[in-house]
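Engineer: Quick one, structure for this:
(one chain, ligands or ions: 2)
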Amino acid sequence: MVKILAVKARSILDSRGNPTVECDIKTEKGLSRASVPSGASTGSHEAVELRDNAKAYLGKGVERAVKNVNTIIARALKGKDPTRQEEIDKLLIELDGTANKSKLGANAILSASLACARAGSAAKGVELFEHIQKISSTKKCTIPVPALNIINGGKHAGNKIDVQEYMIIPVKAKSFSHALQISSEIYHKLKETLKLRFGASATNVGDEGGFAPPLDCIEEPLELITDTIIKLGYWKEVKLGMDVAATSFWKGNKYLVEGKETTADLLLERYEELAKTFPLVSIEDPFYEEDFEHFAQLHTKTDLQIIGDDLLCTNLSRIKKAAEHHSCNALLLKMNQIGTLSEALAAASYAKSRHWNVMVSHRSGETEDNFIADLCVGTASGQIKAGAPCRGERLAKYNQLLRLEEKGIKYAGKNLRFS
Ligand code: PGA
Ligand code: ZN
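Structural biologist: Ligands and ions are numbered 1, 2, ... in the order given. Just a heads-up that it's a prediction; the model follows:
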């Protein structure tokens, strides 16, 4: 048996320049490393990201989380078998002992959980995606369809667009590399249009690498992207997705959209209109994080893929509640919302058992770690969102998928249904 010899965490910086946790696990097979991302538009039911709230890094330091890994977690994991992911994660959960991982921090716990998965795959001498396939009992791996966020708004950009993400989804591409090629062409063509129409500053990018043009109405980005797709002749291959992230403009009893107050019912009508007007196939968080009811109404009234992000927080009990209410037909899978790999796998597995789609997701604050690419392939999740085809921390994921595609794994596009 391969044993964990040492565990060591450190504070590194994420793509926004904020500290985050990276963990190294040493075994006789060598060193395995993982780091954790960080969100900006976080759901209130997410596991706790432990921050120092001290002077350094304007309160955002993670020294306490790092210390928790280097003391409590390191002591507990030393001598353990890294191939036994479920046991490792159970131990991490017990060490913390809280429902939301607030004692040790989900950032501390997840860094160790993921580094352990990498150590486990090294111990077995298989690739990470194969190790994940095994521990998640996935029959056949697939290469996901990417959802690339090419116009940024909401909390990820300094413009007035209320919707957080406008994504292109090349469902009918022949392969992942073809999907990426098409997406890159659309991205660059859109850049030309934005520059011509609004000037060069409109091509500045937001946190996830998408453009952040000075638009203020919900429909405009959809129009611009649809025009670009048509111009390039890709209207058959490419569909659209939005992450509304509606919690970010929910003001307690009303939504504030385009500077005006509006209701959930009016928003619902607007989404129905969007679905009729544009090649929109997917919508995420169309209502704020507790409105299971309006999610369900939209689900009934349209053929859209309805994804729960802040609504679900990769949390099994919330996913079950959404399933009872028929609120969604897709799960956004973010490991740091729940804090261990095993719990994320359980969430994905439950969603699949309800015939939901699963979209594996990055966070707006990312590192160069490409773990989610293997996670998506190993669980055959079918979809991944990792931002625009721009910025290294986003491309780290897509580029890993290009490598995995070379192994002859099937592209998920053909079998993907959105409703
Ligand atoms: P976040 O945004 O990482 O800032 O939470 C991503 C999302 O809402 O999907
Ligand atoms: Zn979201």
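
Engineer: ok, S11 - contacts?
Structural biologist: With contacts defined as CB atoms under 8 Å, 6 or more residues apart in numbering, S11 is in contact with 19-22, 61-63, 66. Bear in mind the C-beta positions are built from the backbone N, C-alpha and C, glycine included.

Engineer: how does it look with 7 Å?
Structural biologist: 19, 21, 61-63, 66 (CB atoms under 7 Å, 6 or more residues apart in numbering).

Engineer: For the stretch 301-419 of the chain, what lies in contact range of ligand 1?
Structural biologist: Remark: the part of the stretch 301-419 of the chain in contact with ligand 1 comprises 309, 361, 363-364, using CB under 6 Å from any ligand atom.

Engineer: What about ligand 2: which of these touch it?
Structural biologist: The subset of these within reach of ligand 2, counting by CB under 5 Å from the ion, consists of D309.

Engineer: TSV please, covering the residues of the stretch 301-419 of the chain next to ligand 1 and showing distance to L240, pLDDT and neighbour count.
Structural biologist: Shown next, in TSV, are those (distance: CB to CB, whole Å; pLDDT from 0 to 100; neighbours: other CB atoms under 10 Å):
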residue	distance to L240	pLDDT	neighbour count
D309	17	98	29
S361	17	98	28
R363	22	98	27
S364	20	97	24
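
Engineer: on that earlier part again, now for the contacts of S11: which two are most distant?
Structural biologist: Within those, two members stand farthest from each other by CB to CB: V21 and G61, at 10.8 Å.

Engineer: out of these two, which sits in the busier spot?
Structural biologist: The residue with the greater number of neighbours, taking V21 and G61 and applying other CB atoms under 10 Å, is V21; the counts read 30 against 19.

Engineer: What residues does the chain have near ligand 2?
Structural biologist: Selection of the chain residues close to ligand 2 by CB under 5 Å from the ion yields 243, 284, 309.

Engineer: mind listing which of those are in strands?
Structural biologist: Per DSSP state E, strands hold the following members of the residues of the chain next to ligand 2: 243, 284.

Engineer: for the residues of the chain next to ligand 2, which one is nearest ligand 2?
Structural biologist: Within the residues of the chain next to ligand 2, distances to ligand 2 taken as CB to the ion reach their minimum at D309, with 3.5 Å.

Engineer: so who does R391 touch?
Structural biologist: Residues 15, 209 are the ones in contact with R391 under the rule CB under 7 Å, 6+ apart.

Engineer: Next, find the distance separating it from ligand 1.
Structural biologist: Relative to ligand 1, R391 is positioned 14 Å away (CB to the nearest ligand atom, to the nearest Å).

Engineer: Would you mind measuring from that residue to S11?
Structural biologist: From R391 over to S11 the distance is 21 Å, taken as CB to CB, to the nearest Å.

Engineer: ditto for A115
Structural biologist: Using CB to CB, one obtains 15 Å as the distance from A115 to S11.

Engineer: now do K67
Structural biologist: Distance of K67 to S11, given as CB to CB: 10 Å.

Engineer: And the pLDDT for the residue lying closest to N204 once chain neighbours are set aside?
Structural biologist: Spatially, and ignoring its direct neighbours in sequence, N204 is nearest to A212 (5.8 Å; CB to CB, 6 or more residues apart in numbering). Listed pLDDT for A212 reads 95.

Engineer: list the contacts for A212?
Structural biologist: With contact set as CB under 7 Å, 6+ apart, A212 has these partners: 152, 157-159, 204-206.

Engineer: Next, format those as TSV and append neighbour count, distance to E87 and secondary structure.
Structural biologist: Conversion of those to TSV gives the following (neighbours: other CB atoms under 10 Å; distance: CB to CB, whole Å; DSSP: H, G, I helix; E, B strand; the rest coil):
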residue	neighbour count	distance to E87	secondary structure
N152	29	40	strand
A157	21	42	coil
G158	10	46	coil
N159	19	47	coil
N204	15	47	coil
V205	19	42	strand
G206	26	40	coil
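
Engineer: mind listing the strands for the stretch 51-200 of the chain?
Structural biologist: Secondary structure of the stretch 51-200 of the chain (DSSP state E, counting those that start in this stretch): strands at 142-143, 145-152, 165-169.
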